[in-house]
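Chemist: Give me coordinates for this.
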Amino acid sequence: MHPRATPPWRRLGSPMLIFRLVVGLLLVSGVLCFATYVATGQTVWRQRGLIIVKWTVVAALGFFAVLILERLALML
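Modeler: Okay, here's the model as predicted:
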């Protein structure tokens with residue numbers, strides 16, 4: 001018997017690990033934008049930080065919605 005072929009997305013690592021890494025880096029970049037705003041007083045850094053954090057939360061909610069829908073599909 002042939003061993004099962006590994007899907008291409010599994011070869012790169014766990015999708016959850018990659019997602020956590022991306023979300024973590026985006027949140028760190030948002031915090032750095034806020035720290036730059038506090039240090040310089042330039043409102044552009046606060047705006048950038050808010051945009052980064054907002055879209056990171058939206059992406060995370062979308063990702064977890066897909067996970068929940070996949071679980072529901074398996075139960076039905």
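Chemist: outside of stretch 59-68, which residues touch it?
Modeler: The contact list for stretch 59-68 (Cβ atoms under 8 Å, 6 or more residues apart in numbering) reads F19, V23. All C-beta atoms are positioned from the backbone trio N, CA, C, and that covers glycine.
Chemist: Name the residues of it that are buried.
Modeler: Neighbour counts over stretch 59-68 (16 or more other Cβ atoms under 10 Å) mark A60 as buried.
Chemist: tell me the average confidence for that stretch?
Modeler: In this model, stretch 59-68 carries a mean pLDDT of 87.
Chemist: And for stretch 34-50?
Modeler: In the prediction, stretch 34-50 has an average pLDDT of 97.
Chemist: how about the residue nearest to Y37 when sequence neighbours are not counted, what does it touch?
Modeler: Closest residue in space to Y37, ignoring its immediate chain neighbours: W45 at 3.7 Å, by Cβ to Cβ, 6 or more residues apart in numbering. Residues in contact with W45 (Cβ under 8 Å, 6+ apart) are C33, F34, T36, Y37.
Chemist: The helix or strand containing W45: how far from the chain's middle?
Modeler: Under the criterion of DSSP states H and E, W45 resides in helix 43-75. Chain-centre distance of helix 43-75: 7 Å, with Cα atoms, centre = their mean, to the nearest Å.
Chemist: who's in contact with L69?
Modeler: L69 neighbours (Cβ under 8 Å, 6+ apart): none.
Chemist: Can you tell me how far it is from A59?
Modeler: To A59, L69 is 16 Å away according to Cβ to Cβ, to the nearest Å.
Chemist: one step back: can you put the contacts of W45 in JSON lines and add secondary structure?
Modeler: Listed next are those as JSON lines, based on DSSP: H, G, I helix; E, B strand; the rest coil:
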{"residue": "C33", "secondary structure": "helix"}
{"residue": "F34", "secondary structure": "helix"}
{"residue": "T36", "secondary structure": "helix"}
{"residue": "Y37", "secondary structure": "helix"}
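Chemist: What residues does the most centrally placed residue in the chain make contact with?
Modeler: Central residue of the chain (Cα atoms, centre = their mean): V23, 3.1 Å from the mean position. By Cβ under 8 Å, 6+ apart, the contact list for V23 reads T56, A59, A60.
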